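Enquirer: A structural model of the following input is requested.
(chains A and B)
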Amino acid sequence: MKVIMSGNEAIARGAYEGGARFASAYPGTPSTEILENMPQYGESVYSEWAPNEKVATEAAVGASIAGVRSFCAMKHVGMNVAADPIFTFAYTGVTGGFVMVVADDPGQHSSQNEQDNRNTAKGAKLLMLEPSDSQESKDFMKKAFALSEQMDMPVLFHVTTRICHSKGIVELGEREEADVPDYTPKITKYVTAPANAKKLRATLEDRLAAAEAYACDCEFNKVEMYDTKIGVITSGVSYQYAKETFGEGASYLKLGLTNPLPDALIKDFCSKVDKVYIVEEMDPYLEEHVKMLGIECTGKDLIPHYDELNTDIVRKSFLGIEPETYTSDVKTVVRPPALCAGCPHRGLFYALSKRKGLMITGDIGCYTLGANAPLNALHSCICMGASISQGHGASIALKDAGKATKVVSVIGDSTFFHTGVNSLMDAVYNGGHNLSIILDNRITGMTGHQQNPGTGYTLMGKEAPEVDIPALCRAIGVKDDNIITVNPNHLDEVNAALDKLLPKDEPCVLITRWPCVLKKFSKQDLEEFPTLHKTQCKIDQDKCKNCKLCVKTGCPALISTKSKVVVDVTSCNGCTVCKQVCPFKAIEEVTL
Amino acid sequence: MSEVKNILLVGVGGQGTILASKILTSGLMKAGYDVKMSEIHGMSQRGGSVSTQVRYGDKVLSPIVGKGSADVIVAFEEMEALRWLDHLKIGGKMVINEYQIQPVPVNLGVAEYPEGIIDHLKGICQVQAFKAADIATELGNPKAMNVVLLGALIKAIGGLDDIDWMAEIEANVKPKFVELNKKAFRAGYELTAE
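Expert: Next comes the predicted model:
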């Protein structure tokens, strides 16, 4: 049967067909939909959201050691979090086939950096597969589990945003069940105390050599011979851009197994063509290897080292051809993303934006948008969980230097569970004095609403215990008196809590608890937050002085023109932050 | 080998191009075409510019529609039509929803929304513009705007009349919205020049 699937849907399907029985992930664009698509195969494959990528990887590693085919999935920066287990799991090898899906984001569509994890596969000494479309995403994933077992190596399944989020036609196959052996301990294989690990390090070289021999003659690496004046070496989605650029005017070595690279195959291909072009996104991963083999080739001299590739760029780089286009001298206005109308983060950031003398460390999530105009109330965003630890370091350092600046750290619920909780431990243990604000919007919001340990549900839809955030903070050692929970839509509540906690010279936690406006509300949500979506705001144009103070909240439901401000009834969710900031009482809340 | 046709659906995050592109790609696949579609999710969804790119033909390689190559651009919002103008093929068609969404810098008074975009574009390329939201509202629900635009797109690109679009609507839309969306598709189709 043929269906249209995104790369992510196809990877999920491939895992099902390949006999996987265990899957774990932390959501992250562009990888999120892989695990979101697993519950449909729930009768055959167990799947779960883990609190972070390291935990997800370790859970899948455990399943593999137990003899079960398993996989984990993450965005590119998640691989950094998961680096600890995977660099050593490479030594031990697998029992059940193991695949780590890593989705890079060239062009930084939704990411804080652009890292090429092909280098990580090489550094960690993992087998690496790279599909070039949805069909290959399904087919390669299906075969990855048996390959992992055959080579006794974990597989890094490398994809990029354009593979994950593009759809193409996929011919489906049947599931191949893999037997689960009775468990027997393999202590010398899996206990990586130095005595064992040194031996494993040596056998890893043997496994890599065997894998390279396999790579030279396998279905993943294909030679397509046409005109031999140009030979293109490429992998992943770059193959599509190269083929579209050169057509049958060049021959291709299309690599799908890209660590270890097939030296003999590369040398043979290059000997049959007049000149060699390397077409790849981001780092010169293939190019450096080909050059190391002593083969002259052209790649990054012409193709940019960063940003996403496309056919236009490849064509312009190698052929100097640019398409004819229509042009206009009228300038468009950019559309920076903004916190949604009714977003519960707006009230908090508005309150913070009105206070002087703060350093506000931020984190990864929708609330990073609190840094944008007009709020400008978030000053740093580096990585998951960093707001509290950075804030801790900054608060100690500033105080030691005799500065009066108060440090506030802003983190979402899911990010707090990810790695923020360790940071809070650091701040409490070491007597820090930054104010940690946990924005509990009852869901993992940014990536499109995934359950997490605080929401009461699992990926597969089962009810689950909820983490009690105030109790957790108390258990870490934050004093009960220093923990306050507020409704962030009520500015007076937020300000009263800030007035109480900001002057304190010890670790404090403020929890803003209100659901993401885009969330599909659970029964518990509707009970706890009964006013959700029941009202809207309306501006009384007779009372309005057009002072634009409401617009300074940055709410996209307020449509401001030179002459007036009106509320867009299709987007207002009745959070009433605009009403609270209006000095003329011109905004009223109307019940729907 | 038949030439690959390129379609761009552009708009603002939250306008909902997903259903229109789902019906479109499903119909194209059943008609025997190779189809690829690309869209980027993530941060850009929060009120940013969004695009769905659809390519079909005997064999499609890249999922991305290049500059100067779109046979038809369907713009759900006026300024987005202008933003993507350089992707239109010379001689290609623009289908524009007469609808404006103010970006944040305009709201804050630091930038101005360009005036007269549709007339400006009419002086550059072939443009079909209408108020899809009004048409959908007349039919019973403003949310059917996207299927009005899909009907317009099918007519504008041409050569796809043999595909059973009504069956695709039935397969992809909730039962209670099927009749509304069928009407919306026909309304968009009949409004548009080939």
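Enquirer: Next, the residue lying closest to B:Gly91 once chain neighbours are set aside: phi, psi?
Expert: Nearest non-adjacent residue to B:Gly91, counting by C-beta to C-beta, 6 or more residues apart in numbering or on different chains: B:Gln126, 7.6 Å away. (Each C-beta comes from the backbone N, C-alpha and C, glycine too.) In terms of degrees, to the nearest 10, the main-chain angles of B:Gln126 are phi -80, psi 120.
Enquirer: and if you look at the one 3 residues further on?
Expert: Backbone dihedrals for B:Ala129, given as degrees, to the nearest 10, come out at phi -120, psi 140.
Enquirer: Look up which residues are beta-bridged to the residue nearest to B:Gly91.
Expert: Beta-bridge pairing for B:Gln126 (DSSP bridges): B:Lys93.
Enquirer: That one and B:Ile117: what is the separation?
Expert: Here the distance between B:Gln126 and B:Ile117 works out to 15 Å (C-beta to C-beta, to the nearest Å).
Enquirer: quick one: low-confidence parts of chain B?
Expert: Low-confidence segments of chain B, defined by pLDDT under 70: B:1-2, B:41-46, B:194.
Enquirer: Okay, domains of chain A per the record?
Expert: As given by automatic domain parsing, the domain ranges for chain A are A:2-215, A:222-319, A:345-528, A:535-591.
Enquirer: The second one vs chain B: in contact?
Expert: Yes - legend: contact between domain A:222-319 and chain B by C-beta under 8 Å from any C-beta of the partner chain is shown at A:237, A:240-241, A:243-244, A:310-312.
Enquirer: got a pLDDT number for A:Met100?
Expert: pLDDT for A:Met100: 98.
Enquirer: show me the contacts for it.
Expert: Neighbouring residues of A:Met100 by C-beta atoms under 8 Å, 6 or more residues apart in numbering or on different chains: A:57, A:60, A:71-74, A:79, A:82, A:86, A:126, A:154-157.
Enquirer: now A:Gly19
Expert: Taking C-beta under 8 Å, 6+ apart as the criterion, A:Gly19 is in contact with A:69, A:97, A:145, A:175-178.
Enquirer: burial count for residue 155?
Expert: Picking chain A for this. 27 (other C-beta atoms under 10 Å in any protein chain shown).
Enquirer: looking at chain B here, not the other one
Expert: 22.
Enquirer: before we move on, what SS does it have?
Expert: helix (DSSP: H, G, I helix; E, B strand; the rest coil).
Enquirer: measure it to A:Leu558 for me?
Expert: Per C-beta to C-beta, B:Lys155 is found 37 Å from A:Leu558.
Enquirer: out of everything not next to it in sequence, what's closest to A:Val101?
Expert: In this structure, A:Val101 finds its nearest non-sequential neighbour in A:Ala73, 4.0 Å apart by C-beta to C-beta, 6+ apart.
Enquirer: who does that neighbour bridge with?
Expert: With beta bridges defined as DSSP bridges, A:Ala73 has these partners: A:Ala25, A:Val101.
Enquirer: I'd assumed A:Ser31 was in contact with it.
Expert: Yes - under the criterion of C-beta atoms under 8 Å, A:Ala73 makes contact with A:Ser31 at 5.0 Å.
Enquirer: So between those two, which is more surrounded?
Expert: A side-by-side neighbour count of A:Ala73 and A:Ser31, using other C-beta under 10 Å, places A:Ala73 first with 34 against 29.
Enquirer: Just the residues contacting the longest helix seen in chain A, thanks.
Expert: Longest helix in chain A, counting residues (DSSP state H): helix A:194-215. With contacts defined as C-beta under 8 Å, 6+ apart, helix A:194-215 is touched by A:88, A:90-93, A:125, A:127, A:151-153, A:187-189, A:192, A:221, A:257, A:260-263, A:265.
Enquirer: Contacts only, for A:Gly173.
Expert: So A:Gly173 contacts A:17, A:138, A:142 (C-beta under 8 Å, 6+ apart).
Enquirer: residues touching the second one, list them.
Expert: Translated: A:Lys138. With contact taken as C-beta under 8 Å, 6+ apart, A:Lys138 is in contact with A:5, A:10-11, A:13-14, A:17, A:170, A:172-173.
Enquirer: Where strands are concerned, which of these count?
Expert: Judged by DSSP state E, strands contain the following of those: A:5, A:170.
Enquirer: Whichever of the contacts of A:Lys138 end up buried, select them in PyMOL.
Expert: Buried residues within the contacts of A:Lys138, by 16 or more other C-beta atoms under 10 Å in any protein chain shown, are selected in PyMOL with:
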select buried, chain A and resi 5+10+11+13+14+17+170
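Enquirer: Serialize the contacts of A:Lys138 to TSV and add fields for pLDDT and distance to B:Ala136.
Expert: Shown next, in TSV, are the contacts of A:Lys138 (pLDDT from 0 to 100; distance: C-beta to C-beta, whole Å):
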residue	pLDDT	distance to B:Ala136
A:Met5	97	30
A:Ala10	98	33
A:Ile11	99	36
A:Arg13	98	35
A:Gly14	98	39
A:Glu17	98	41
A:Val170	98	33
A:Leu172	98	35
A:Gly173	98	41
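Enquirer: For chain B, which segments are assigned as strands?
Expert: Under the criterion DSSP E, strands of chain B are mapped to B:5-12, B:34-39, B:49-57, B:70-75, B:88-97, B:126-130.
Enquirer: what's the answer for the stretch 101-250 of chain A, then?
Expert: A:127-129, A:155-160, A:166-171, A:222-224, A:230-235 (DSSP state E, counting those that start in this stretch).
Enquirer: Show me what the fourth one is packed against.
Expert: Looking back up the chat, that one is strand A:222-224. Where contact means 3 or more C-beta pairs under 8 Å, 6 or more residues apart in numbering or on different chains; DSSP states H and E, strand A:222-224 is packed against strand A:251-255.
Enquirer: now the third one
Expert: The elements that strand A:166-171 packs onto, with contact taken as 3+ C-beta pairs under 8 Å, 6+ apart, are strand A:2-6, helix A:7-17, helix A:134-151, strand B:34-39.
Enquirer: CA atoms only for the first one, dumped as CSV, please.
Expert: Output for strand A:2-6, consisting of C-alpha atoms alone and laid out as CSV, is shown next (Å, rounded to 0.1, in the frame of the first residue of the first chain):
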residue,chain,number,x,y,z
LYS,A,2,1.2,3.5,-0.8
VAL,A,3,0.7,6.4,1.5
ILE,A,4,2.0,10.0,1.8
MET,A,5,4.2,10.3,4.8
SER,A,6,6.6,12.8,6.4
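Enquirer: now that strand, how far from the centre of its chain.
Expert: Relative to its parent chain, strand A:2-6 has a centroid offset of 23 Å by C-alpha atoms, centre = their mean, to the nearest Å.
Enquirer: That strand: which residues count as buried?
Expert: Neighbour-count burial for strand A:2-6, counted by 16+ other C-beta under 10 Å, picks out A:3-6.
Enquirer: outside of it, which residues touch it?
Expert: Residues from elsewhere that reach strand A:2-6 (C-beta under 8 Å, 6+ apart): A:13, A:33, A:134, A:138, A:164-172, B:25-26, B:29, B:35, B:37.
Enquirer: out of those residues, which are buried?
Expert: The neighbour-count test (16+ other C-beta under 10 Å) marks A:13, A:33, A:134, A:138, A:164-170, B:25-26, B:29, B:35, B:37 as buried among those.
Enquirer: ok, so of these, who is nearest B:Val104?
Expert: A:His165 (24.7 Å; C-beta to C-beta).
Enquirer: how near is the closest one to B:Glu3?
Expert: According to C-beta to C-beta, A:His165 and B:Glu3 sit 25 Å apart.
Enquirer: likewise B:Phe130?
Expert: Counting by C-beta to C-beta, the separation of B:Phe130 from B:Glu3 is 28 Å.
Enquirer: what's the answer for A:Gly477, then?
Expert: Distance check for A:Gly477 against B:Glu3: by C-beta to C-beta, it reads 68 Å.
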